[in-house]
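Asker: What follows is a predicted structure for the sequence shown.
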Amino acid sequence: MGFIKEFKEFAVKGNVLDLAVAVVIGGAFGKIVSSLVEDIITPAVLTPALEAANLKNLSELVVPGTAIKYGNFLSQVISFIIIALSMFIIISAINRFKKKEETAPSAPPAPSKEEVLLTEIRDILAKKA
């Protein structure tokens, strides 16, 4: 019974639950970013280049006489660069919002009772001198 209790404590800890939530959210966010890149950004960037090369699909780029499809490689490199750039822009925006929240000036803390008392004593001693 000790093993089961110990496992239950481990599995229900906040860190494990936070990690599980992060993995699920991360997977969903990954799908959003992939869709953004594959369905919106990549076609917008590649369509003019493909039309200039008289191609319909980047995978049609092959080394003549071989099975080397360098078009697929180029597509993956371009997708990686676009995903990295998209993530950089998103993270930068999030960090800017966090900095704005952190830099919001807060009211100075009220002096403690001891500080008020010491200030009064200082003022009384200053008047006597």
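Answerer: That came through, no problem. Numbers count the residues shown, from 1 in each chain.
Asker: looking just at contacts, which helices and strands does the helix-or-strand element of the chain with minimal mean pLDDT meet?
Answerer: For the chain, the helix or strand with the lowest mean confidence is helix 42-52, at a mean of 78 (criterion: mean pLDDT, DSSP states H and E). Secondary-structure packing of helix 42-52 (3 or more Cβ pairs under 8 Å, 6 or more residues apart in numbering; DSSP states H and E): helix 70-102. Placement of C-beta: from N, CA and C, glycine included.
Asker: ok and the helix it packs on relative to helix 42-52, angle-wise?
Answerer: For helix 70-102 against helix 42-52, the angle by axes from the mean of the first three to the mean of the last three Cα atoms, to 10 degrees is 150 degrees.
Asker: Quick check: next helix or strand after helix 70-102?
Answerer: Note on helix 70-102: by DSSP states H and E, the next helix or strand toward the C-terminus is helix 113-128.
Asker: what does the least confident helix or strand of the chain contact?
Answerer: 56-58, 75, 78-79, 82 (Cβ atoms under 8 Å, 6 or more residues apart in numbering).
Asker: Low-confidence ranges, this protein, go.
Answerer: Low-confidence segments of the chain (pLDDT under 70): 1, 14, 102, 104-105.
Asker: What are the buried residues along stretch 56-76?
Answerer: Buried residues in stretch 56-76, counted by 16 or more other Cβ atoms under 10 Å: 58, 61, 71, 75.
Asker: My guess is the first one contacts Gly71. True?
Answerer: Right, Leu58. Yes: look at Leu58 against Gly71 with Cβ atoms under 8 Å: they come within range, at 4.4 Å.
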